[in-house]
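Peer 1: Sequence below, structure please.
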Amino acid sequence: MSSKKSSAQTFRGMNYRKVQRKNSRDRQQLTKENQIWLKAHNYRNLGWTNVIQLFEKIRELQEQEIVKSLSLEELFIEADLIGNKYLNSQEINQRNQRIAQELDEIADIIDSQYPDQRVEIIDYSK
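Peer 2: You can find the predicted model right below:
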């Protein structure tokens, strides 16, 4: 009589030990504050469900740390990229045209409030 061999479980293409190693490495890269938080909230690297929960929580904390480190300009670019996922090319072009028009209007307002009194002469005769 032959016994059936159970297939090994995987999570995102990784077996149990690989997920544990990845969790350990990623946990060490988190800030000390987040490492303490994980321990205080009983996130453990033992048992399938615990390992998967820890993996997901570490990813969430890593994303939060990345967002905290972004400048305001980088946040706007990221938000624009996310917003563009839900628009077709025509809507993206219309939106970019409206933004360009508003930027031109803002530039005109700034120019009217802060006129440039200097006269520049450029000599192209040489």
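
Peer 1: make it CA atoms for all contacts and neighbour counts henceforth
Peer 2: Will do.

Peer 1: Looking at the longest helix belonging to the chain now, give me its mean pLDDT.
Peer 2: Counting residues, the longest helix in the chain under DSSP state H turns out to be helix 89-113. Averaging pLDDT along helix 89-113 gives 91.

Peer 1: where in the protein is pLDDT low?
Peer 2: 1-7 (pLDDT under 70).

Peer 1: try it again with 50
Peer 2: 1 (pLDDT under 50).

Peer 1: Helices of that one, start to end?
Peer 2: Under DSSP H, the chain gives helices at 16-29, 32-40, 48-69, 72-84, 89-113.

Peer 1: As TSV, these with mean neighbour count and distance to T10 would be great.
Peer 2: Below are the helices of the chain laid out as TSV (neighbours: other C-alpha atoms under 10 Å; distance: least, C-alpha to C-alpha, whole Å):
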stretch	mean neighbour count	distance to T10
helix 16-29	16	7
helix 32-40	12	23
helix 48-69	15	10
helix 72-84	12	30
helix 89-113	12	39
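
Peer 1: Format those as TSV; extra columns: distance to D123.
Peer 2: Converted to TSV, the helices of the chain look like this (distance: least, C-alpha to C-alpha, whole Å):
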stretch	distance to D123
helix 16-29	57
helix 32-40	61
helix 48-69	46
helix 72-84	38
helix 89-113	25
